[in-house]
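any chance you can model this:
(chains A and B)
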Amino acid sequence: MTGAARQLSGRFVRHIRRDPDVVRVIGVDTRSPAYPLGGAEFVRADIRQPSIVAVLAEYAVDTVVHLDVHGTPATAGGGRAAVKELNVLGTLQLLGACQKVPGLRSVVVKSSTQIYGTAVREPAVADEAAPPKAPAGGGFAQDVAEIEGYLRGFARRCPDVRVTVLRFAHVLGPAADSRLAAYFKLPVLPTVLGYDPRLQFVHEDDVLDVLSRAVRDGRAGLGAGTFNVAGEGVLMLSQAARRIGRPTLPVVKALAPVLGSALGALGLGGASAEQIRSLVHGRVVRTERLREAMGGPLRYTTPETFADFAAVHGPGLLPPDVVTRAVDRIEEVLRRG
Amino acid sequence: MADAKVIPFGESGRRGRAAAGAPPVPPGAAGSEDRRSAGSGAAGLDEALARGLAFVRRRLSGDYEVDDFGYDEHLADAVLGTVLRPLFEKYFRVEVRGMENVPDTGGALIVSNHSGTLPWDGVMLQVAIRDQHPADRNLRLLAADLVFQLPFFNWLARKGGHTLACVEDAEELLGRGELVGVMPEGFKGLGKPFAERYKLQRFGRGGFVATALRTGVPIVPCSIVGAEEIHPMIGNARVLARVLGLPYFPVTPTFPWLGPLGTIPLPTKWTIQFGEPIETADQPPEAAEDPMLVFQLTDQVRETIQHTLYKLLMARRSVFF
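Now for the predicted structure:
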């Protein structure tokens, strides 16, 4: 498993260790894990280096779970270029190494629904079957598109290996460290004036469930293919902001990147220019395919996921119950007057 | 009834601010709402106040639901009931005929003519269905991508339940058993010169017919009379339109001469007539691949709408009454 130093990966390792069919878990990352791996072995290796082949061969790995695909840098100092290098070159090297390992049966890769981009001329509800288009504007969405491109090539070259691509919506939950989680932790949420994107979230617990289903063989597993992973339902950005009680700051679209860069310079990572750009149109995905493979919907819907996140990281400056009470007070004053 | 209509104006002003994500209205601002409805009886005012504040409370705490397309029923019904219904009943005095042709359950594709420079006809069609259909249905319109590029417009369109005119979205909505409205003339119809009023433009390539055939839903032709005259377009500033990235830049007797006042539509008298549905369920699914059949059905729908338009025009006494 790659990206073992990250919070979600650490949780997944501990989760999968409890599965009796899993004999051995090997976590790989360039840094030592910040979270306990619960009995799994850790190998310090860089997936961008060819030496990763030796790791795969030495442990006779049969399943590779590639979780080292991220929108944010692992350490505070890392910039966008480092993220892109790890995402794209890391995946390229890793897949090259996978090709050389004879006993490999399955590759599971964490992808993102951001691959669908947020273009206006796209359908409102995105489908896995839609032909992949390179999202304009670069950034994380482009990384994901390139990664999936490599995966298609890999699947063609190694037809015996089961390739499962999981396109996760924004991961939220009490401990999530996704890009959108950082955004919703800001005291005031910058939004784009005149736009209100539709958002979908997936709960971190559901991420673990889906991943552990994906690594299984046979009927208990998901099987090969691409799956959208998102909680049922939709929240609008304005609605989510109100539910978590954080005021929004609408910015004219043309000025949004400037504001994003300014906030970035101040060290507020949650509102990069790319982040704000992705909050213009929003994207909703169809999840029928996953629901069928899993035999039911995910445990948390989008609103429930957000409520769970808000319970830990909220409420902000304008808690919904305070607002409601303020309205009650207005009513009282009006009635008396 | 009159009381009920008074509140919501105050409510809708508030809604705009709330939806833009602004902090809650300070207590002083609520006084205006009080004053506005001061003329009505005490009991009516009381009830109105309670309802208005219940609405504001739900909006500000995010306690409402939206569907996958962003349709916000709570907000849409409030705007419809407060701002649009008076326009529908008092301003355009819309007369609706043939509502029995719109099915009570399941998907259906409502195909209508398009006119009026600004798409008031789509909005009024939505009000007609929402207000007058016995089964409490809602119309989901398919709109041009320009609508979703523009700030505020995209926001209104999504919350109103409308989506981009593309095959995927149309099939998805019809598959969910929704009423989908389409105006196949598009900008050609909306921005046609006044001299060509009530002459239907080309109906695209018949994509809407293929979609109906694939999903097996009936096609309901719909003719709207009255929208053509709300902004008589006597000229088109093409250069300006190109600079602004718009499909046309209308010149009417009042616009752009009177500035924002020129965007007020003329109070014409409207009629919306729903025609008999054209069933597609008996056609095999591969019929959608048959260009002859698609063209033939497209023509049939177009002719039906055009004939109904002529009939309604013959019976019309005047543009304004």
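
longest helix anywhere in chain B?
Secondary structure of chain B per DSSP state H: the longest helix is helix B:291-315.

helices of chain A, start to end?
A:7-17, A:52-58, A:80-84, A:90-100, A:140-157, A:179-184, A:204-214, A:237-243, A:256-265, A:273-278, A:288-294, A:302-313, A:320-336.

a markdown table for those, including mean neighbour count?
All C-beta spots, glycine's among them, are computed from the backbone N, C-alpha and C. Formatted as a markdown table, the helices of chain A follow (neighbours: other C-beta atoms under 10 Å in any protein chain shown):
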| stretch | mean neighbour count |
| --- | --- |
| helix A:7-17 | 21 |
| helix A:52-58 | 17 |
| helix A:80-84 | 15 |
| helix A:90-100 | 20 |
| helix A:140-157 | 19 |
| helix A:179-184 | 22 |
| helix A:204-214 | 22 |
| helix A:237-243 | 24 |
| helix A:256-265 | 16 |
| helix A:273-278 | 21 |
| helix A:288-294 | 16 |
| helix A:302-313 | 20 |
| helix A:320-336 | 15 |
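
switch the ones you listed over to JSON lines; also include distance to A:Pro250 and mean pLDDT.
Below are those laid out as JSON lines (distance: least, C-beta to C-beta, whole Å; pLDDT from 0 to 100):
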{"stretch": "helix A:7-17", "distance to A:Pro250": "32", "mean pLDDT": "88"}
{"stretch": "helix A:52-58", "distance to A:Pro250": "46", "mean pLDDT": "89"}
{"stretch": "helix A:80-84", "distance to A:Pro250": "25", "mean pLDDT": "81"}
{"stretch": "helix A:90-100", "distance to A:Pro250": "37", "mean pLDDT": "92"}
{"stretch": "helix A:140-157", "distance to A:Pro250": "23", "mean pLDDT": "90"}
{"stretch": "helix A:179-184", "distance to A:Pro250": "15", "mean pLDDT": "87"}
{"stretch": "helix A:204-214", "distance to A:Pro250": "30", "mean pLDDT": "93"}
{"stretch": "helix A:237-243", "distance to A:Pro250": "9", "mean pLDDT": "94"}
{"stretch": "helix A:256-265", "distance to A:Pro250": "10", "mean pLDDT": "76"}
{"stretch": "helix A:273-278", "distance to A:Pro250": "11", "mean pLDDT": "74"}
{"stretch": "helix A:288-294", "distance to A:Pro250": "34", "mean pLDDT": "92"}
{"stretch": "helix A:302-313", "distance to A:Pro250": "20", "mean pLDDT": "93"}
{"stretch": "helix A:320-336", "distance to A:Pro250": "18", "mean pLDDT": "87"}
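
so what's the one residue in the stretch 101-250 of chain B that gets nearest to chain A closest to, chain neighbours aside?
Nearest residue of the stretch 101-250 of chain B to chain A: B:Pro151, at 2.4 Å (C-beta to the nearest C-beta). Spatially, and ignoring its direct neighbours in sequence, B:Pro151 is nearest to A:Gly194 (2.4 Å; C-beta to C-beta, 6 or more residues apart in numbering or on different chains).

residue numbers of the stretch 51-200 of chain A in contact with chain B?
A:120-125, A:127, A:130, A:189, A:191-196, A:198 (C-beta under 8 Å from any C-beta of the partner chain).

in strands, which of these fall?
Using DSSP state E, the members of these that fall in strands are A:Val125, A:Leu189, A:Thr191, A:Val192, A:Arg198.

related to what we said a few turns ago, contact partners for the residue nearest to B:Pro151?
Contact analysis of A:Gly194 by C-beta atoms under 8 Å, 6 or more residues apart in numbering or on different chains lists A:Pro250, A:Lys253, B:Leu150, B:Pro151, B:Phe152, B:Asn154, B:Trp155.

switch the cut-off to 10 Å
Contacts here follow C-beta atoms under 10 Å, 6 or more residues apart in numbering or on different chains; on that basis A:Gly194 touches A:Pro250, A:Val252, A:Lys253, A:Val280, B:Ala20, B:Leu150, B:Pro151, B:Phe152, B:Phe153, B:Asn154, B:Trp155, B:Leu156.

which one of those is nearest A:Pro159?
A:Val280 (39.9 Å; C-beta to C-beta).

count the neighbours of the closest one for me.
When neighbours are counted by other C-beta atoms under 10 Å in any protein chain shown, A:Val280 registers 20.

distance of it from A:Asp196?
10 Å (C-beta to C-beta, to the nearest Å).

so what sits against both of the two?
Common neighbours of A:Val280 and A:Asp196 (C-beta under 10 Å, 6+ apart) are A:Leu237, B:Pro151, B:Asn154.

export the residues you listed to CSV and tack on distance to B:Thr117?
Listed next are the shared contacts of A:Val280 and A:Asp196 as CSV, based on distance: C-beta to C-beta, whole Å:
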residue, distance to B:Thr117
A:Leu237, 32
B:Pro151, 20
B:Asn154, 20
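
quick revisit: buried only: go through the contacts of A:Gly194 for me.
A:Pro250, A:Val280, B:Ala20, B:Leu150, B:Asn154, B:Trp155, B:Leu156 (16 or more other C-beta atoms under 10 Å in any protein chain shown).

what confidence value was assigned to the fourth one?
Going back to what we said before, that points to B:Leu150. Residue-level confidence at B:Leu150 comes out at 88, pLDDT.

perfect, I'm done here.
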